[in-house]
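In: Here's a sequence, model it:
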Amino acid sequence: MIFEQVTVGGCQSYLVGCETTLSAVLIDPEQSQADRYLGLASKHGLSIRYLVDTHTHADHFSAARDLARRLGATTVAHRLSPAPYIEMRLDDGAMLVVGEMRLKALHTPGHTRDSMSLLLDDRVFTGDALLIGGTGRTDLPTGDPHALYDSLFGALLKLPPDTRVYPAHDYKGRSHSTIGAEIADNPRLQKTERGDFVAMMQALDLAAPTHLTEALRTNMSGGRTIAQLLAEAAQKTPFMSLVELSERLGANSGDLVILDVREKDAFEAGHVPGAMHLPRGQLELRVNEALPDPTVRVLACCEFGKISTLAAATLRELGYTRAMALDGGLKAWREGGFPVES
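Out: Here you go, the predicted structure:
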């Protein structure tokens, strides 16, 4: 077995490959690590055949759909997953065949109704059902402490004590545990009676994950994250540095239109000298009258350089092929001591 564990911000994902066939499965891929997974697969000569989400994540963005498009791989989740892009839906007891490896799906709901674990030889990938020293929370959408009790005490904890536990998250730098160690030391598993366990879970007062709404929205629908939109726009857009813009202002360059896409109040409070104002929300509707020459060089500006990146990408799609964005935005422009007018 070829095994790589990838950790980022407490999120754990796993690249598991068959040494004989060099086919592989990627479990709980996180969006920001997509290129890293591809690099690891290339390092070992692996072909990623399956992309598995153990459940609908509420605290990280799944890379399964994007990687499936790039690799031609199959997306996999439990039958109850709400994500419309899942191609293979597994029931409890179903087996995923990856080369000579056999991964058995265990339906382990409670953290979410679509939670499943994957049993492979001496290890189990538990998603957020069983964590190291803890369990998944049950207070988020489709969570159920009664179901989690059954998943733990009726399924996972009945596995051999030496079975290695690889969860989807750990925030203390631990790589894995064992079923035996969790039974002995996990404080939540000491509540062995259903009523006590359910009462404990219902009494937990946990803060909501930072990206809860966006993560659920994108993981359930396959929609795009804000970071993805910005990254895709930046990939299509050239930028101009603050110093370059300053030099062009000093040279009184006539071939450059500076387009401030902030709201009116922000523009009037201070902008690059000579800038034209066109709010991002009105860009598509007013661009023809504001920029009648599609061959003009346009520099989009905003406060932090993000909205202007989206604006510049939109302008290029509309046919303004010389559009670009100011690197760093107006905040960096002011902090750099460059001139503003109001």
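In: Just confirm residue 122 contacts residue 164, I think it does.
Out: Yes: counting by CB atoms under 8 Å, residue 122 touches residue 164, with 5.9 Å between them. For every residue, glycine as well, the C-beta is placed using N, CA and C.
In: Ramachandran coordinates for residue 276?
Out: In terms of degrees, to the nearest 10, the main-chain angles of residue 276 are phi -90, psi 150.
In: ok now do it, which residues does it touch?
Out: Listed by CB atoms under 8 Å, 6 or more residues apart in numbering, the contact set of residue 276 reads 257-260, 290.
In: Out of those residues, which end up buried?
Out: Taking 16 or more other CB atoms under 10 Å as the criterion, what is buried in those is 257-260.
In: rewinding a little: can I get the contacts of residue 276 in JSON lines including distance to residue 176 and pLDDT?
Out: Shown next, in JSON lines, are those (distance: CB to CB, whole Å; pLDDT from 0 to 100):
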{"residue": "257", "distance to residue 176": "57", "pLDDT": "92"}
{"residue": "258", "distance to residue 176": "55", "pLDDT": "93"}
{"residue": "259", "distance to residue 176": "53", "pLDDT": "95"}
{"residue": "260", "distance to residue 176": "52", "pLDDT": "94"}
{"residue": "290", "distance to residue 176": "58", "pLDDT": "91"}
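In: Mind splitting the chain into its structural domains?
Out: 2-223, 227-335 (automatic domain parsing).
In: Dump the ones you listed into a markdown table; add distance to residue 342 as well.
Out: Formatted as a markdown table, those follow (distance: least, CB to CB, whole Å):
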| stretch | distance to residue 342 |
| --- | --- |
| domain 2-223 | 35 |
| domain 227-335 | 5 |
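In: can you give me the helices for the stretch 101-250 of the chain?
Out: Per DSSP state H, counting those that start in this stretch, the stretch 101-250 of the chain carries helices over the ranges 145-153, 179-185, 194-203, 212-221, 226-235, 242-250.
In: right, so these: which one is the most enclosed?
Out: Comparing those by mean neighbour count (mean count of other CB atoms under 10 Å), helix 145-153 comes out on top with a mean of 21.
In: Helix 194-203 and that helix, what's the angle between them?
Out: If you take axes from the mean of the first three to the mean of the last three CA atoms, to 10 degrees, helix 145-153 sits at 120 degrees to helix 194-203.
In: same for helix 145-153, what does it pack against?
Out: Packed against helix 145-153 by the contact rule (3 or more CB pairs under 8 Å, 6 or more residues apart in numbering; DSSP states H and E) you find helix 194-203.
In: And for the helix it packs on, what's in contact with it?
Out: 135, 137-139, 145-146, 148-149, 153, 188, 191.
In: how about 6 Å then?
Out: 138, 145-146, 149, 191 (CB atoms under 6 Å, 6 or more residues apart in numbering).
In: Let me know the secondary structure of the closest residue to residue 236 other than its chain neighbours.
Out: In space, residue 236 comes closest to residue 313 once its chain neighbours are excluded; the distance is 4.9 Å by CB to CB, 6 or more residues apart in numbering. Following DSSP: H, G, I helix; E, B strand; the rest coil, residue 313 is assigned to helix.
In: Please list all residues in contact with residue 313.
Out: The contact partners of residue 313, by CB under 6 Å, 6+ apart, come to 233, 236-237.
In: ok, and the closest non-adjacent residue to the residue nearest the centre of the chain?
Out: Nearest to the mean C-alpha position of the chain, by CA atoms, centre = their mean, lies residue 61 at 2.3 Å. Spatial nearest neighbour of residue 61, chain neighbours left out: residue 31 (4.0 Å); criterion: CB to CB, 6+ apart.
In: is it true that that neighbour touches residue 63?
Out: Yes: between residue 31 and residue 63 there is a contact under CB atoms under 6 Å: 4.4 Å.
In: and residue 93, how many residues sit next to it?
Out: Counted with other CB atoms under 10 Å, the neighbours of residue 93 add up to 9.
In: count of neighbours near the closest residue to residue 142 other than its chain neighbours?
Out: Sequence neighbours aside, residue 113 is the residue nearest to residue 142 in space, at 4.1 Å (criterion: CB to CB, 6+ apart). Number of residues near residue 113 (other CB under 10 Å) recorded here: 18.
In: Please apply the same query to the one 5 residues further on.
Out: Residue 118 is flanked by 26 other residues according to other CB under 10 Å.
In: Next, find the distance separating it from residue 56.
Out: 16 Å (CB to CB, to the nearest Å).
In: still on that earlier bit, and residue 122 and residue 164? which has more neighbours close in?
Out: Neighbour tally, residue 122 and residue 164, criterion other CB under 10 Å: the higher count belongs to residue 164, 17 against 11.
In: Could you list which residues are in contact with the more buried one?
Out: By CB under 6 Å, 6+ apart, residue 164 lies in contact with 122-123, 176, 178.
In: With respect to residue 7, which of those residues is nearest?
Out: Distances from residue 7 to the contacts of residue 164, taken as CB to CB, are shortest for residue 176 (11.4 Å).
In: my guess is the closest one meets residue 167, correct?
Out: No: using CB under 6 Å, residue 176 makes no contact with residue 167, being 8.1 Å away.
In: Of those two, which one has the most company?
Out: residue 167 (26 against 16).
In: which residues of this protein score low on pLDDT?
Out: Scanning the chain with the threshold set as pLDDT under 70 gives 208-215, 217, 219, 251-254.
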